[in-house]
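Chemist: Please find the sequence and the predicted model below.
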Amino acid sequence: MNIFSGKKILLGVTGGIAAYKSTFLTRLLVKAGASVRVILTPAARDFVTPLTLSTLSKNPVLSSFTNEDDDNDLWNNHVDLGLWADLMIIAPATANTMSKMVTGNIDNLLLAVYSSAKCPVYFAPAMDLDMYKHPSTTANFEKLASYGNYMIPAGDGELASGLSGKGRMAEPEEIMSFVGKQLEQDLPLFGKKCLITAGPTHESLDPVRFIGNHSTGKMGMALAHNLANRGAQVILIMGPSSVNSEHYFIHRIDVTSAQEMYDTVHKHIAHQDYAIFSAAVADYRPATTADQKIKKSADTLTIELVKNPDILASVGAMENRPFLVGFALETENELEHAFAKAKKKNTDLLILNSMKDKGAGFGTDTNKITMIDRLGNAEVFPLKSKELVAKDIIDEVIKRTQ
Ligand code: PMT
(Lines give C-alpha, C1' and ligand atoms only; values in the text may rest on other atoms or scores of the structure.)
Protein backbone atom coordinates (compact mmCIF):
# COMPACT_ATOMS: atom_id res chain seq x y z
CA MET A 1 0.00 0.00 0.00
CA ASN A 2 1.19 3.54 -0.74
CA ILE A 3 -0.14 7.11 -0.67
CA PHE A 4 -1.73 6.71 -4.16
CA SER A 5 -3.67 3.54 -3.44
CA GLY A 6 -7.40 4.06 -3.60
CA LYS A 7 -7.00 7.64 -4.83
CA LYS A 8 -9.24 8.87 -7.68
CA ILE A 9 -7.05 10.77 -10.10
CA LEU A 10 -7.88 12.84 -13.16
CA LEU A 11 -4.97 12.99 -15.56
CA GLY A 12 -5.24 15.88 -18.02
CA VAL A 13 -3.05 15.62 -21.10
CA THR A 14 -2.48 18.61 -23.37
CA GLY A 15 -0.99 18.88 -26.86
CA GLY A 16 2.79 18.71 -26.62
CA ILE A 17 5.38 16.13 -27.55
CA ALA A 18 5.77 15.19 -23.87
CA ALA A 19 2.23 13.76 -24.09
CA TYR A 20 3.82 10.38 -24.81
CA LYS A 21 5.13 10.38 -21.21
CA SER A 22 1.53 10.50 -19.95
CA THR A 23 1.23 6.84 -20.94
CA PHE A 24 4.05 5.93 -18.50
CA LEU A 25 2.53 8.16 -15.83
CA THR A 26 -0.86 6.46 -16.26
CA ARG A 27 0.82 3.08 -15.89
CA LEU A 28 2.65 4.13 -12.70
CA LEU A 29 -0.51 5.57 -11.13
CA VAL A 30 -2.58 2.48 -11.91
CA LYS A 31 0.21 0.23 -10.62
CA ALA A 32 0.26 2.25 -7.40
CA GLY A 33 -3.44 1.40 -6.89
CA ALA A 34 -5.05 4.65 -8.10
CA SER A 35 -8.22 4.87 -10.23
CA VAL A 36 -7.27 6.99 -13.20
CA ARG A 37 -9.49 8.83 -15.69
CA VAL A 38 -7.71 10.55 -18.56
CA ILE A 39 -8.91 13.69 -20.29
CA LEU A 40 -7.18 14.72 -23.54
CA THR A 41 -7.39 18.16 -25.10
CA PRO A 42 -8.22 17.99 -28.84
CA ALA A 43 -4.57 18.89 -29.60
CA ALA A 44 -3.28 16.08 -27.36
CA ARG A 45 -5.00 13.51 -29.63
CA ASP A 46 -2.38 14.33 -32.30
CA PHE A 47 0.35 13.12 -29.94
CA VAL A 48 -1.14 10.16 -28.10
CA THR A 49 -4.12 7.93 -28.83
CA PRO A 50 -7.19 7.50 -26.63
CA LEU A 51 -6.90 3.74 -27.21
CA THR A 52 -3.45 3.59 -25.58
CA LEU A 53 -4.54 5.62 -22.58
CA SER A 54 -7.88 3.87 -22.10
CA THR A 55 -6.11 0.51 -22.22
CA LEU A 56 -3.55 1.63 -19.62
CA SER A 57 -6.02 3.44 -17.37
CA LYS A 58 -8.71 0.74 -17.77
CA ASN A 59 -11.24 3.57 -18.25
CA PRO A 60 -12.68 5.32 -21.29
CA VAL A 61 -10.68 8.39 -22.26
CA LEU A 62 -12.61 11.66 -22.53
CA SER A 63 -11.82 14.58 -24.76
CA SER A 64 -14.98 16.43 -25.70
CA PHE A 65 -18.16 17.62 -24.00
CA THR A 66 -20.19 14.94 -25.73
CA ASN A 67 -19.21 11.35 -26.19
CA GLU A 68 -18.94 10.99 -29.98
CA ASP A 69 -18.65 7.20 -29.83
CA ASP A 70 -22.02 6.93 -28.16
CA ASP A 71 -25.20 6.84 -30.31
CA ASN A 72 -27.00 8.90 -27.67
CA ASP A 73 -24.29 11.59 -27.71
CA LEU A 74 -23.95 11.41 -23.91
CA TRP A 75 -22.74 14.55 -22.19
CA ASN A 76 -19.44 14.25 -20.31
CA ASN A 77 -20.36 16.13 -17.17
CA HIS A 78 -17.34 18.22 -16.21
CA VAL A 79 -18.83 19.06 -12.80
CA ASP A 80 -19.25 15.37 -11.90
CA LEU A 81 -15.71 14.62 -13.06
CA GLY A 82 -14.34 17.50 -11.02
CA LEU A 83 -16.20 16.30 -7.93
CA TRP A 84 -15.19 12.66 -8.45
CA ALA A 85 -11.45 13.34 -8.27
CA ASP A 86 -9.24 13.34 -5.16
CA LEU A 87 -6.61 15.11 -7.22
CA MET A 88 -5.93 16.26 -10.75
CA ILE A 89 -2.60 16.17 -12.58
CA ILE A 90 -2.16 18.06 -15.85
CA ALA A 91 0.90 16.59 -17.55
CA PRO A 92 2.11 17.85 -19.87
CA ALA A 93 0.74 21.36 -19.36
CA THR A 94 1.44 23.47 -22.44
CA ALA A 95 1.92 27.26 -22.38
CA ASN A 96 -1.40 27.57 -24.23
CA THR A 97 -3.38 25.52 -21.66
CA MET A 98 -1.72 27.28 -18.73
CA SER A 99 -2.63 30.68 -20.12
CA LYS A 100 -6.26 29.54 -20.46
CA MET A 101 -6.18 28.15 -16.89
CA VAL A 102 -5.07 31.61 -15.76
CA THR A 103 -7.67 33.59 -17.68
CA GLY A 104 -10.59 31.18 -17.39
CA ASN A 105 -10.85 30.70 -21.15
CA ILE A 106 -12.75 27.42 -21.10
CA ASP A 107 -12.79 26.09 -24.63
CA ASN A 108 -12.39 22.34 -24.04
CA LEU A 109 -13.45 19.62 -21.58
CA LEU A 110 -10.12 19.56 -19.75
CA LEU A 111 -10.34 23.29 -18.93
CA ALA A 112 -13.99 22.93 -17.87
CA VAL A 113 -13.07 20.07 -15.51
CA TYR A 114 -10.06 22.01 -14.18
CA SER A 115 -12.17 25.05 -13.37
CA SER A 116 -14.87 23.02 -11.60
CA ALA A 117 -12.49 20.71 -9.69
CA LYS A 118 -12.49 21.12 -5.91
CA CYS A 119 -9.46 18.87 -5.42
CA PRO A 120 -5.75 19.84 -5.44
CA VAL A 121 -4.44 20.37 -8.98
CA TYR A 122 -0.85 19.68 -10.07
CA PHE A 123 0.54 20.82 -13.41
CA ALA A 124 3.78 19.76 -15.10
CA PRO A 125 4.82 22.35 -17.71
CA ALA A 126 6.52 21.20 -20.90
CA MET A 127 7.71 23.50 -23.70
CA ASP A 128 10.76 24.80 -25.49
CA LEU A 129 13.33 26.71 -23.41
CA ASP A 130 12.53 30.18 -24.78
CA MET A 131 8.81 29.71 -24.23
CA TYR A 132 9.56 28.51 -20.69
CA LYS A 133 11.57 31.66 -19.99
CA HIS A 134 9.10 34.06 -21.61
CA PRO A 135 7.72 36.62 -19.12
CA SER A 136 4.13 35.67 -19.96
CA THR A 137 4.87 32.02 -19.09
CA THR A 138 6.65 32.80 -15.83
CA ALA A 139 3.84 35.19 -14.90
CA ASN A 140 1.37 32.37 -15.56
CA PHE A 141 3.37 29.98 -13.32
CA GLU A 142 3.05 32.50 -10.50
CA LYS A 143 -0.64 33.14 -11.17
CA LEU A 144 -1.43 29.42 -11.19
CA ALA A 145 0.48 28.88 -7.93
CA SER A 146 -1.39 31.84 -6.40
CA TYR A 147 -4.68 30.07 -7.29
CA GLY A 148 -3.49 27.15 -5.10
CA ASN A 149 -2.22 24.87 -7.88
CA TYR A 150 1.03 22.92 -7.42
CA MET A 151 3.64 23.34 -10.14
CA ILE A 152 5.90 20.37 -10.88
CA PRO A 153 8.96 22.16 -12.30
CA ALA A 154 10.29 21.14 -15.69
CA GLY A 155 13.77 19.66 -15.95
CA ASP A 156 16.88 20.71 -17.88
CA GLY A 157 18.05 18.73 -20.89
CA GLU A 158 17.58 17.95 -24.54
CA LEU A 159 14.32 19.29 -25.96
CA ALA A 160 12.23 18.12 -28.92
CA SER A 161 13.44 21.15 -30.92
CA GLY A 162 17.02 19.87 -30.68
CA LEU A 163 17.92 22.73 -28.34
CA SER A 164 18.99 22.07 -24.80
CA GLY A 165 17.76 23.83 -21.68
CA LYS A 166 14.86 24.06 -19.22
CA GLY A 167 11.46 22.95 -20.41
CA ARG A 168 11.51 19.13 -20.43
CA MET A 169 8.48 17.83 -18.60
CA ALA A 170 9.43 16.12 -15.32
CA GLU A 171 9.83 12.37 -15.81
CA PRO A 172 6.79 10.26 -14.73
CA GLU A 173 8.75 8.89 -11.73
CA GLU A 174 9.61 12.45 -10.66
CA ILE A 175 5.95 13.46 -10.97
CA MET A 176 4.95 10.47 -8.79
CA SER A 177 7.52 11.40 -6.17
CA PHE A 178 6.61 15.12 -6.20
CA VAL A 179 2.87 14.48 -5.88
CA GLY A 180 3.37 11.67 -3.34
CA LYS A 181 5.50 13.86 -1.05
CA GLN A 182 3.03 16.74 -1.28
CA LEU A 183 0.09 14.43 -0.51
CA GLU A 184 1.90 13.19 2.59
CA GLN A 185 2.74 16.70 3.75
CA ASP A 186 -0.88 17.78 3.33
CA LEU A 187 -2.05 15.12 5.81
CA PRO A 188 -3.07 16.65 9.17
CA LEU A 189 -0.78 14.51 11.35
CA PHE A 190 2.21 14.52 8.99
CA GLY A 191 5.40 14.59 11.09
CA LYS A 192 3.70 13.25 14.25
CA LYS A 193 4.87 9.99 15.81
CA CYS A 194 2.80 7.50 17.71
CA LEU A 195 3.61 4.23 19.44
CA ILE A 196 0.78 1.71 19.92
CA THR A 197 0.70 -1.61 21.74
CA ALA A 198 -1.94 -4.08 20.61
CA GLY A 199 -3.04 -7.70 20.80
CA PRO A 200 -2.46 -10.25 23.55
CA THR A 201 0.80 -11.47 25.07
CA HIS A 202 1.68 -15.15 25.32
CA GLU A 203 3.63 -16.29 28.37
CA SER A 204 5.31 -19.64 27.74
CA LEU A 205 4.87 -22.57 30.10
CA ASP A 206 6.87 -24.97 27.97
CA PRO A 207 7.74 -25.24 24.24
CA VAL A 208 4.10 -25.99 23.29
CA ARG A 209 1.91 -24.16 25.83
CA PHE A 210 1.35 -20.59 26.98
CA ILE A 211 -0.87 -18.42 29.16
CA GLY A 212 -2.72 -15.88 27.00
CA ASN A 213 -6.02 -14.07 26.48
CA HIS A 214 -8.64 -13.46 23.80
CA SER A 215 -7.38 -10.17 22.38
CA THR A 216 -7.21 -10.20 18.57
CA GLY A 217 -5.39 -6.88 18.02
CA LYS A 218 -8.36 -5.41 16.09
CA MET A 219 -8.78 -2.36 18.36
CA GLY A 220 -5.08 -1.50 18.22
CA MET A 221 -4.99 -2.03 14.47
CA ALA A 222 -7.96 0.32 13.96
CA LEU A 223 -6.10 2.96 16.00
CA ALA A 224 -2.90 2.43 13.99
CA HIS A 225 -4.75 2.78 10.67
CA ASN A 226 -6.63 5.86 11.75
CA LEU A 227 -3.40 7.58 12.78
CA ALA A 228 -1.52 6.43 9.68
CA ASN A 229 -4.32 7.59 7.37
CA ARG A 230 -3.95 11.04 8.92
CA GLY A 231 -0.21 11.00 8.17
CA ALA A 232 1.32 10.00 11.52
CA GLN A 233 4.28 7.61 11.61
CA VAL A 234 3.08 4.67 13.70
CA ILE A 235 5.15 2.08 15.52
CA LEU A 236 2.77 -0.77 16.21
CA ILE A 237 4.05 -3.26 18.79
CA MET A 238 1.81 -6.24 18.30
CA GLY A 239 1.41 -9.39 20.36
CA PRO A 240 0.55 -12.65 18.54
CA SER A 241 -2.20 -11.70 16.08
CA SER A 242 -3.27 -12.58 12.56
CA VAL A 243 -4.70 -9.12 11.85
CA ASN A 244 -3.14 -7.53 8.76
CA SER A 245 -1.47 -4.17 9.24
CA GLU A 246 -0.15 -3.28 5.79
CA HIS A 247 0.14 0.50 5.54
CA TYR A 248 2.99 2.72 4.35
CA PHE A 249 2.99 4.69 7.61
CA ILE A 250 2.79 1.69 9.97
CA HIS A 251 5.97 0.03 11.15
CA ARG A 252 4.86 -3.18 12.84
CA ILE A 253 7.04 -5.02 15.34
CA ASP A 254 5.76 -8.45 16.39
CA VAL A 255 6.43 -9.58 19.94
CA THR A 256 5.26 -12.53 22.01
CA SER A 257 5.61 -11.94 25.76
CA ALA A 258 4.97 -8.99 28.10
CA GLN A 259 8.70 -8.67 28.81
CA GLU A 260 9.42 -8.51 25.06
CA MET A 261 6.67 -5.89 24.63
CA TYR A 262 8.13 -3.89 27.54
CA ASP A 263 11.67 -3.99 26.07
CA THR A 264 10.41 -3.01 22.60
CA VAL A 265 8.30 -0.14 23.93
CA HIS A 266 11.26 1.30 25.83
CA LYS A 267 13.52 0.95 22.81
CA HIS A 268 11.17 3.17 20.77
CA ILE A 269 9.33 5.43 23.22
CA ALA A 270 11.71 8.40 23.06
CA HIS A 271 10.58 11.22 20.72
CA GLN A 272 7.02 9.87 20.33
CA ASP A 273 4.23 12.47 20.35
CA TYR A 274 1.54 10.01 21.47
CA ALA A 275 1.54 6.52 22.98
CA ILE A 276 -1.57 4.34 23.08
CA PHE A 277 -1.60 1.12 25.09
CA SER A 278 -4.44 -1.06 23.83
CA ALA A 279 -2.67 -4.41 24.34
CA ALA A 280 -4.07 -6.96 26.73
CA VAL A 281 -0.83 -7.66 28.56
CA ALA A 282 -0.57 -10.66 30.87
CA ASP A 283 -0.10 -9.39 34.42
CA TYR A 284 1.76 -12.58 35.39
CA ARG A 285 4.03 -15.13 33.67
CA PRO A 286 5.20 -18.57 34.75
CA ALA A 287 8.21 -18.30 37.11
CA THR A 288 10.04 -20.80 34.92
CA THR A 289 9.57 -22.04 31.37
CA ALA A 290 10.17 -25.78 31.03
CA ASP A 291 12.72 -26.76 28.36
CA GLN A 292 10.66 -29.78 27.40
CA LYS A 293 6.91 -30.40 27.18
CA ILE A 294 5.47 -30.80 30.70
CA LYS A 295 4.31 -34.43 31.02
CA LYS A 296 0.95 -35.42 32.42
CA SER A 297 1.45 -37.19 35.79
CA ALA A 298 -0.26 -36.09 39.04
CA ASP A 299 -3.97 -35.14 39.16
CA THR A 300 -3.17 -31.51 39.86
CA LEU A 301 -0.43 -29.23 38.67
CA THR A 302 0.55 -26.00 40.39
CA ILE A 303 2.25 -23.31 38.38
CA GLU A 304 4.04 -20.50 40.13
CA LEU A 305 3.49 -17.11 38.49
CA VAL A 306 5.55 -13.96 38.85
CA LYS A 307 4.51 -10.39 38.06
CA ASN A 308 5.24 -8.89 34.64
CA PRO A 309 6.41 -5.29 34.39
CA ASP A 310 3.56 -2.85 33.89
CA ILE A 311 4.44 -1.23 30.57
CA LEU A 312 1.88 1.57 30.69
CA ALA A 313 2.76 2.51 34.28
CA SER A 314 6.47 2.55 33.41
CA VAL A 315 5.86 5.05 30.59
CA GLY A 316 3.49 7.04 32.80
CA ALA A 317 6.36 7.45 35.27
CA MET A 318 8.78 8.84 32.66
CA GLU A 319 9.76 12.47 33.01
CA ASN A 320 9.51 13.39 29.33
CA ARG A 321 6.70 11.23 28.16
CA PRO A 322 4.34 11.42 25.18
CA PHE A 323 0.61 12.16 25.52
CA LEU A 324 -0.48 8.89 27.09
CA VAL A 325 -3.63 6.88 26.38
CA GLY A 326 -4.31 3.70 28.34
CA PHE A 327 -7.10 1.16 28.13
CA ALA A 328 -8.95 -0.64 30.91
CA LEU A 329 -10.91 -3.81 30.32
CA GLU A 330 -13.17 -4.42 33.29
CA THR A 331 -15.84 -6.92 34.32
CA GLU A 332 -17.22 -5.22 37.47
CA ASN A 333 -17.14 -1.85 39.28
CA GLU A 334 -15.92 -0.55 35.99
CA LEU A 335 -15.73 3.20 36.63
CA GLU A 336 -14.19 2.79 40.06
CA HIS A 337 -11.46 0.47 38.74
CA ALA A 338 -10.85 2.64 35.70
CA PHE A 339 -10.42 5.84 37.75
CA ALA A 340 -7.92 4.00 39.97
CA LYS A 341 -5.98 2.75 36.93
CA ALA A 342 -5.88 6.19 35.31
CA LYS A 343 -4.38 7.62 38.49
CA LYS A 344 -1.96 4.79 39.19
CA LYS A 345 -0.65 4.65 35.61
CA ASN A 346 -0.68 8.45 35.14
CA THR A 347 -2.61 8.48 31.85
CA ASP A 348 -3.84 11.59 30.04
CA LEU A 349 -6.81 9.62 28.73
CA LEU A 350 -8.08 6.23 29.82
CA ILE A 351 -10.39 4.23 27.57
CA LEU A 352 -12.68 1.99 29.56
CA ASN A 353 -14.40 -0.94 27.88
CA SER A 354 -16.48 -3.41 29.84
CA MET A 355 -17.02 -7.11 29.18
CA LYS A 356 -20.57 -6.55 30.50
CA ASP A 357 -21.46 -4.51 27.40
CA LYS A 358 -22.61 -6.66 24.49
CA GLY A 359 -20.37 -6.13 21.46
CA ALA A 360 -17.56 -4.54 23.51
CA GLY A 361 -14.02 -5.72 24.29
CA PHE A 362 -12.26 -8.78 22.87
CA GLY A 363 -12.63 -10.19 19.39
CA THR A 364 -15.71 -8.32 18.17
CA ASP A 365 -15.63 -5.76 15.34
CA THR A 366 -17.36 -3.27 17.65
CA ASN A 367 -16.58 -1.61 20.95
CA LYS A 368 -18.31 0.59 23.51
CA ILE A 369 -16.10 2.94 25.45
CA THR A 370 -16.01 5.55 28.18
CA MET A 371 -13.21 8.15 27.99
CA ILE A 372 -11.78 9.29 31.31
CA ASP A 373 -9.49 12.30 31.50
CA ARG A 374 -7.02 13.57 34.13
CA LEU A 375 -9.68 15.63 35.87
CA GLY A 376 -11.91 12.61 36.28
CA ASN A 377 -14.40 13.60 33.57
CA ALA A 378 -16.01 10.53 32.03
CA GLU A 379 -17.65 10.63 28.58
CA VAL A 380 -19.74 7.66 27.52
CA PHE A 381 -19.88 6.70 23.82
CA PRO A 382 -22.42 4.41 22.11
CA LEU A 383 -21.55 1.03 20.57
CA LYS A 384 -19.65 1.61 17.31
CA SER A 385 -17.34 -0.23 14.92
CA LYS A 386 -13.75 -0.36 16.18
CA GLU A 387 -12.81 1.93 13.26
CA LEU A 388 -15.22 4.62 14.46
CA VAL A 389 -14.14 4.12 18.08
CA ALA A 390 -10.54 4.65 16.93
CA LYS A 391 -11.63 7.86 15.19
CA ASP A 392 -13.30 9.15 18.37
CA ILE A 393 -10.16 8.41 20.38
CA ILE A 394 -7.75 10.04 17.91
CA ASP A 395 -10.04 13.08 17.48
CA GLU A 396 -9.92 13.52 21.27
CA VAL A 397 -6.13 13.09 21.38
CA ILE A 398 -5.71 15.75 18.68
CA LYS A 399 -8.13 18.10 20.43
CA ARG A 400 -6.20 17.77 23.67
CA THR A 401 -2.72 18.16 22.18
CA GLN A 402 -3.28 21.12 19.88
O1 PMT B 1 -7.68 -6.80 20.58
P2 PMT B 1 -9.19 -6.78 20.51
O3 PMT B 1 -9.76 -8.17 20.33
O4 PMT B 1 -9.70 -5.81 19.49
O5 PMT B 1 -9.72 -6.30 21.94
C6 PMT B 1 -9.47 -4.99 22.35
C7 PMT B 1 -9.18 -4.92 23.85
C8 PMT B 1 -10.38 -5.40 24.63
C9 PMT B 1 -7.98 -5.82 24.21
C10 PMT B 1 -8.84 -3.43 24.18
O11 PMT B 1 -9.96 -2.64 23.90
C12 PMT B 1 -8.48 -3.26 25.66
O13 PMT B 1 -9.31 -3.05 26.52
N14 PMT B 1 -7.17 -3.36 25.98
C15 PMT B 1 -6.64 -3.33 27.36
C16 PMT B 1 -6.88 -4.68 27.97
C17 PMT B 1 -6.27 -4.83 29.33
O18 PMT B 1 -5.42 -5.66 29.49
O19 PMT B 1 -6.65 -3.96 30.24
P20 PMT B 1 -6.03 -3.89 31.73
O21 PMT B 1 -7.09 -3.20 32.48
O22 PMT B 1 -5.57 -5.21 32.20
O23 PMT B 1 -4.76 -2.98 31.55
C24 PMT B 1 -4.79 -1.56 31.76
C25 PMT B 1 -3.80 -0.88 30.84
O26 PMT B 1 -2.47 -1.22 31.23
C27 PMT B 1 -3.89 -1.24 29.38
O28 PMT B 1 -3.63 -0.08 28.63
C29 PMT B 1 -2.79 -2.28 29.20
O30 PMT B 1 -2.28 -2.26 27.86
C31 PMT B 1 -1.75 -1.78 30.18
N32 PMT B 1 -0.89 -2.82 30.76
C33 PMT B 1 -1.41 -3.79 31.55
C34 PMT B 1 -0.59 -4.70 32.14
C35 PMT B 1 0.80 -4.64 31.89
N36 PMT B 1 1.64 -5.52 32.44
N37 PMT B 1 1.28 -3.69 31.10
C38 PMT B 1 0.46 -2.78 30.53
O39 PMT B 1 0.93 -1.92 29.77
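Modeler: Nice, I can see it.

Chemist: Give me the phi and psi for the closest residue to Asp273 other than its chain neighbours.
Modeler: In space, Asp273 comes closest to Lys192 once its chain neighbours are excluded; the distance is 4.7 Å by C-beta to C-beta, 6 or more residues apart in numbering. Heads up, the C-betas are built off the backbone N, CA and C, glycines and all. Main-chain dihedrals, Lys192, degrees, to the nearest 10: phi -90, psi 150.

Chemist: residues contacting Lys192?
Modeler: Residues near Lys192 by C-beta atoms under 8 Å, 6 or more residues apart in numbering: Leu227, Gly231, Ala232, Gln233, Asp273, Tyr274.

Chemist: Just the closest of the residues you listed to the ligand, please.
Modeler: Tyr274 (13.5 Å; C-beta to the nearest ligand atom).

Chemist: one step back: per-residue confidence at the residue nearest to Asp273?
Modeler: The per-residue pLDDT reported for Lys192 equals 98.

Chemist: cool, Ser245 as well?
Modeler: On pLDDT, Ser245 comes in at 79.

Chemist: Need the nearest residue in space to it, chain neighbours excluded.
Modeler: The spatially closest residue to Ser245, leaving aside those adjacent along the chain, is Arg252, at 4.7 Å (C-beta to C-beta, 6+ apart).

Chemist: in the host helix or strand of the one you found, what's buried?
Modeler: Using DSSP states H and E, Arg252 sits within strand 250-254. Using 16 or more other C-beta atoms under 10 Å as the test for burial, strand 250-254 gives Ile250, His251, Arg252.

Chemist: returning to what we had before: distance-wise, check the residue nearest to Ser245 relative to Gly220.
Modeler: The gap separating Arg252 from Gly220 is 10 Å, by C-beta to C-beta, to the nearest Å.

Chemist: same deal with Asp365?
Modeler: For Asp365 relative to Gly220 (C-beta to C-beta), the value is 14 Å.

Chemist: Look at the two and report which has more neighbours.
Modeler: Gly220 (29 against 12; other C-beta atoms under 10 Å).

Chemist: So which other helices or strands are in contact with the helix or strand harbouring that one?
Modeler: Secondary structure assigned from DSSP H and E places Gly220 in helix 218-229. On a contact count with 3 or more C-beta pairs under 8 Å, 6 or more residues apart in numbering; DSSP states H and E, helix 218-229 meets strand 193-198, strand 233-238, strand 250-254, strand 274-277, helix 386-401.

Chemist: Could you dump the ones you listed into TSV with distance to Ala287 added?
Modeler: What follows is the helices and strands packed on helix 218-229, written out as TSV (distance: least, C-beta to C-beta, whole Å):
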stretch	distance to Ala287
strand 193-198	24
strand 233-238	25
strand 250-254	25
strand 274-277	25
helix 386-401	35
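
Chemist: what about the residue of the stretch 1-150 of the chain found nearest the ligand, how many neighbours?
Modeler: The ligand sits closest to Met1 of the stretch 1-150 of the chain, with a gap of 21.1 Å, by C-beta to the nearest ligand atom. By the criterion of other C-beta under 10 Å, Met1 has 13 neighbours.

Chemist: got it, and Ala378?
Modeler: Ala378 has 14 neighbours, counted by other C-beta under 10 Å.

Chemist: Can you tell me which residues in the stretch 201-350 of the chain are near the ligand?
Modeler: Counting by C-beta under 6 Å from any ligand atom, the residues of the stretch 201-350 of the chain close to the ligand are 215-219, 258, 277-281, 283, 308, 310-312, 326-329, 341.

Chemist: Quick one: find the helix or strand in the protein with the lowest mean pLDDT.
Modeler: Lowest by mean pLDDT, DSSP states H and E among the helices and strands of the chain is helix 78-84, with a mean of 84.
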